[in-house]
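Asker: What would the 3D arrangement of this be:
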Amino acid sequence: MADTDTLTKQFVKDKEVFADAFNYFLYDGKEVIKPEQLKVVDTTEVVVPYGEDDTGIRMQPVQKIRDAFYSVMTEGNKVYMLCGIENQTEPHNAMPVRNALYDFMEYAAQIQEATKAHRDAKNRGNVHQDFLSDFHRTDKLVPVYTLVVYWGSGEWDAPRSLFEMLDVKDERDYYGLNDWKINLIIPEELTDEDAAQKFNSDLGKALIYIKNMGKPDKIEQLSTDERFRLLKTDTVLMLNEIMNADFQVQRKDKVTDMCYAIEKIREDAAVNAVISALRKIKMPDDTIIENIMDQFKLTLTEAKAYMDKKQLD
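Answerer: Next up, the predicted model:
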């Protein structure tokens, strides 16, 4: 089975899910960013900060790999924003600095690209600072957005901004410092209504199930709610890994009915309870198989599978 990190990365790389996440965060669920506007950007960012340090030695290259990174294109095939998603299964105490590094590495890369273009064209610019930096006054950067999707239940109990990480004794000492806040989507802060109305992909549904992890009554309620009942089978497999659950997927279909998934869990628990009870009274396995076939309307193959699984347990 794939691990949580792999499954969540695959999930957010889906263009429908990726666009959905940013439409929820930036535009309150309005479909401003279309999946077809997204173009994959190389997720391996290698940046050599331009310029030299005080020793005259160029700094070493830094490499960071994003979980998912897309450019958002206009109809004229022009990039108007760069968007990245970082997945977190647990709160990360250094996330503000980590995200700032991601974003400024991308801005540095844009500056390098602009300066290289000017040098190749032998374009020295019109004013002294153009010549000095090779990044001209008229050059503009494409905005970079990094969004953190938290795949855990409960609160995000880690810093949400750089200021929360600083050892500052007097609030006046914040003067002149630039804060760096992280953008977060957190299941615990998501309402059922927001999940149903402001998302068009499985993202909202998945997050609301995670929010209610460990609450079987609420999970059962969600499974019968038409807004959350049908999920893509791949989404359910991801939830099984994240929630340590055993939702039964309809493997022949691309969509799984969560009402079926919950009912199958119930049935499995009931069958296993009967097997355990009958084994305690030393009933022969052949007789147990006949019993559960009759009681639960199972085929011989299904009954033997239950027995084999119970034996392994």
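
Asker: residue ranges of the strands in this structure, please?
Answerer: 38-40, 44-47, 62-65, 68-73, 79-88, 144-150, 183-185, 230-232, 255-257 (DSSP state E).

Asker: Tabulate those strands in CSV, adding columns for mean pLDDT.
Answerer: Shown next, in CSV, are the strands of the chain (pLDDT from 0 to 100):
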stretch, mean pLDDT
strand 38-40, 93
strand 44-47, 51
strand 62-65, 64
strand 68-73, 92
strand 79-88, 93
strand 144-150, 96
strand 183-185, 97
strand 230-232, 95
strand 255-257, 93
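
Asker: quick one: average confidence on stretch 168-177?
Answerer: Averaging pLDDT along stretch 168-177 gives 84.

Asker: Convert it to PDB, retaining C-alpha atoms only.
Answerer: Only the C-alpha atoms of stretch 168-177 are listed here, as PDB (Å, rounded to 0.1, in the frame of the first residue of the first chain):
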ATOM      1  CA  VAL A 168      10.900  39.200  20.700                       C
ATOM      2  CA  LYS A 169      10.500  40.500  24.200                       C
ATOM      3  CA  ASP A 170       8.900  43.900  23.400                       C
ATOM      4  CA  GLU A 171       6.200  44.300  20.700                       C
ATOM      5  CA  ARG A 172       8.000  47.500  19.600                       C
ATOM      6  CA  ASP A 173      10.800  45.300  18.400                       C
ATOM      7  CA  TYR A 174       8.600  44.100  15.600                       C
ATOM      8  CA  TYR A 175       8.900  47.500  14.000                       C
ATOM      9  CA  GLY A 176      10.800  47.100  10.700                       C
ATOM     10  CA  LEU A 177      10.500  43.300  10.600                       C
END
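
Asker: picking up where we left off before, Serialize the strands of the chain to TSV and add fields for mean neighbour count and distance to Lys304.
Answerer: Bear in mind the C-beta positions are built from the backbone N, C-alpha and C, glycine included. Formatted as TSV, the strands of the chain follow (neighbours: other C-beta atoms under 10 Å; distance: least, C-beta to C-beta, whole Å):
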stretch	mean neighbour count	distance to Lys304
strand 38-40	14	47
strand 44-47	15	49
strand 62-65	12	46
strand 68-73	21	43
strand 79-88	20	40
strand 144-150	21	42
strand 183-185	18	45
strand 230-232	19	30
strand 255-257	18	25
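
Asker: The ones you listed: which one's closest to Leu7?
Answerer: strand 79-88 (9.5 Å; C-beta to C-beta).

Asker: where in this protein is pLDDT low?
Answerer: Within the chain, the segments meeting pLDDT under 70 span 1-2, 43-64, 125-133, 311-313.

Asker: remind me, longest helix of it?
Answerer: If you go by DSSP state H, the chain has its longest helix at helix 95-120.

Asker: what comes up buried for that helix?
Answerer: 95-96, 99-103, 105-106, 108-112, 114-115, 118 (16 or more other C-beta atoms under 10 Å).

Asker: how about JSON lines for the strands of the chain, with distance to Asp285 added?
Answerer: Below are the strands of the chain laid out as JSON lines (distance: least, C-beta to C-beta, whole Å):
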{"stretch": "strand 38-40", "distance to Asp285": "54"}
{"stretch": "strand 44-47", "distance to Asp285": "55"}
{"stretch": "strand 62-65", "distance to Asp285": "51"}
{"stretch": "strand 68-73", "distance to Asp285": "49"}
{"stretch": "strand 79-88", "distance to Asp285": "45"}
{"stretch": "strand 144-150", "distance to Asp285": "46"}
{"stretch": "strand 183-185", "distance to Asp285": "50"}
{"stretch": "strand 230-232", "distance to Asp285": "37"}
{"stretch": "strand 255-257", "distance to Asp285": "32"}
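
Asker: Can you list the helices and strands that the longest helix of the chain packs against?
Answerer: Packing partners of helix 95-120 (3 or more C-beta pairs under 8 Å, 6 or more residues apart in numbering; DSSP states H and E): strand 44-47, strand 62-65, strand 79-88, strand 144-150.

Asker: closest to Asn240 out of these?
Answerer: strand 79-88 (16.7 Å).

Asker: Residues touching that closest one, excluding its own?
Answerer: 5, 8-9, 12, 18, 21-22, 33, 39, 41, 66-74, 95, 98-99, 102, 106, 142-152 (C-beta atoms under 8 Å, 6 or more residues apart in numbering).
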